[in-house]
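>>> The following comprises the amino acid sequence and a computationally predicted model.
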Amino acid sequence: METFFKSKTNLGMKREDWRLLSIFHGYRLLLALTFSVSAVVLADTDFFHAVNGTLFLSASLIYLGLNAIVLLAVVGRKPDFELQLNSQVLLDVIMINILSHASGGIRSGLSLMLLATIACAGLISRGRLVLFHASLAVIGVLATHAYSVLNDGAPSADFFQVGMVSLGYFAMAWLAFMLAKYAEANERLAIERGIDLANMAQVNQLVIRDLHDGVLVVDEQQRIRASNPQAERLFGSIPRDAQPTLMEYAPELVEWLERWRRQPDTALPILHTPIDNGDVNVRFVSIGKNKADVTATVIFLIDLSEQQQQVQQVKLAALGRLTASIAHEIRNPLSSINHATELLQEDDAQSVGNIRLLAIIRDNALRLDRMVQEVLHLNRRDHAQLEAVPARQYLEEFITEFSQIEKVPEEVFSLELDTEKPLLFDRIHLHQVLWNLTRNAWRHCQKREGSLRICLSPVAMEDMLQLDVIDDGPGVDPEYQDQLFEPFFTTASKGTGLGLYIARQVCQANGASLDYVSVAPGGQFRILMKIAT
């Protein structure tokens, strides 16, 4: 990031240097044009106190012609920048001193024009060679006046004025050097601040994007200026090529925003999102120094459903630890009761009433033992070893095994496969989930040929399969559908209420999902899983 900004800044600095050099050359070209026009128009006057009008006119035209040639070099940017700048300064020193000599020497005042040249050159070059440029100007003005004294009889007393002008050149050079260094320091500081701001903006963007809460930024006209994926998950996507108003995107928030602006301390109620009807807590934060200077408002959308899920997970974890400890404590007594019951049943002297009571004890002991086994399965649901399971072979073997153990005729099953792609699942976990769903389906179906359907088909999403277990029974009452996967919820007199809950937990451990599909008639449970590659 920093390297990119620095390289981009260096490129911008070079362009700025050439632009400044172009402006400087434009000034010099205008100066040469002024000298030339003045020499022609004011030839008969005492303009510039010219003592040699012919030399002044010739030098002005040569100065204008050379600047025109230099213009082509500046536009073409060849040769390099440093050479062009030094050449222009040298040209100014030579030509302005010639014009000064043609106008009567140091008293004409034309030598002062080199002050602008030295200052501009120092600022453009950022202080580089500025003393060299001043030295050239001093040498030029001293040589010109010395020539005038030796050949034209100019007064030698004017060397004092020449010395003062030379001091002015060095003073201007020092001032240009200090200003250039100050400007360069400010430029460097601005570049560093720009890099810091760009990095900070990128960090802020990443933080806002990965924030668990939704964020909307609206301006004073309630037009949405920024958002993050969490906000779009709650209220819908925002077109990237448009900036809708808050009324167009989330009208539920407009009234609350106005109420908050009128009374910032007012407690706001819980909002129900339009997409999934979830609970959202809304918080507004203004951007500005005071209420009169508010330029935008940040809206934080806190999804309470995640908090509720976390609370539920904590409760379920505590409940799981409690039930697991209880299960371990009652497992051995249950085994003893079951064993004692089997021994008593072997006694042929038992009466019919005692045999019936012993059967009740055995059945309930087995039921409690099954509950203990299911509770203990809760602690092993996360140990999933994913593998590629051949769909047809596995399902055919499962139907055969289930029919033999549960004493179910195989004609009851109907296997429908729309794909032969393998399933990505832990084989033992898949067996556990499918066995639970199939046993529930067998208990509620009409027990006729084709009453139980196991269907496997691809879905619209890539790399996903859906496995449906369907029965022709009465289905699940809509009143109980929301409670199907809650722990210890059951409508059967001998059920534990943990089967479907464990089945969903096991599916989640395998990167899959288990849901009930409401169809009429019959019941349908769907496992959505990945395809093995």
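Yes, it's here. Owing to the predicted nature of the structure, the values given are computational and were not obtained by experimental measurement.
>>> most centrally placed residue in this protein?
L206 (4.2 Å; CA atoms, centre = their mean).
>>> Checking my notes, it in a strand, right?
No: under DSSP: H, G, I helix; E, B strand; the rest coil, L206 sits outside any strand and is assigned helix.
>>> Domains in the protein, by residue range?
2-193, 213-305, 308-380, 387-530 (automatic domain parsing).
>>> next one: the first one to chain centre, how far?
Meaning domain 2-193. 52 Å (CA atoms, centre = their mean, to the nearest Å).
>>> Now it: average pLDDT?
For domain 2-193, mean pLDDT rounds to 80.
>>> mind listing the helices in the stretch 401-533 of the chain by residue range?
All helices of the stretch 401-533 of the chain, identified by DSSP state H, counting those that start in this stretch, fall at 427-444, 499-509.
>>> Of the ones you listed, which is nearest V476?
Closest to V476 of those is helix 427-444 (CB to CB; 8.8 Å). Quick note: C-beta positions are derived from backbone N, CA and C, even for glycine.
>>> contacting residues around the closest one?
Helix 427-444 is contacted by residues 377, 381, 384, 387, 389, 394, 398, 402, 406, 408, 412, 423, 452, 454, 467, 469-471, 473-474, 492, 499-500, 502-503, 506-507, 509-510, 514, 523, 525, 527 when judged by CB atoms under 8 Å, 6 or more residues apart in numbering.
>>> From those, which land in strands?
In this view, the contacts of helix 427-444 that belong to strands under DSSP state E are 387, 389, 423, 452, 454, 467, 469-471, 514, 523, 525, 527.
>>> In a markdown table, list the residues you listed along with neighbour count, distance to S227 and pLDDT.
Output for the ones in strands among the contacts of helix 427-444, formatted as a markdown table (neighbours: other CB atoms under 10 Å; distance: CB to CB, whole Å; pLDDT from 0 to 100):
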| residue | neighbour count | distance to S227 | pLDDT |
| --- | --- | --- | --- |
| E387 | 14 | 41 | 90 |
| V389 | 18 | 42 | 92 |
| L423 | 24 | 38 | 91 |
| L452 | 26 | 48 | 93 |
| I454 | 21 | 44 | 94 |
| L467 | 23 | 37 | 93 |
| V469 | 20 | 41 | 93 |
| I470 | 22 | 42 | 92 |
| D471 | 25 | 45 | 92 |
| L514 | 23 | 33 | 91 |
| G523 | 22 | 41 | 89 |
| F525 | 25 | 37 | 92 |
| I527 | 24 | 35 | 92 |
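>>> now the strands: where do they sit in the protein?
Using DSSP E, strands in the chain cover 214-219, 224-227, 271-272, 279-287, 296-303, 387-389, 413-417, 423-425, 452-458, 464-471, 513-517, 523-530.
>>> Partner strands of the second one, with direction?
Strands adjacent to strand 224-227 in the sheet, as given by DSSP bridges, are strand 214-219 (antiparallel).
>>> any idea of the mean pLDDT for the partner strand?
The average pLDDT for strand 214-219 rounds to 84.
>>> what sits up against that strand?
So strand 214-219 is contacted by 208, 224-228, 230-235, 246, 250, 253, 257, 280, 287, 295-303 (CB under 8 Å, 6+ apart).
>>> among the strands of the chain, which is the most enclosed?
Counting by mean count of other CB atoms under 10 Å, strand 423-425 has the highest mean neighbour count of those, with a mean of 25.
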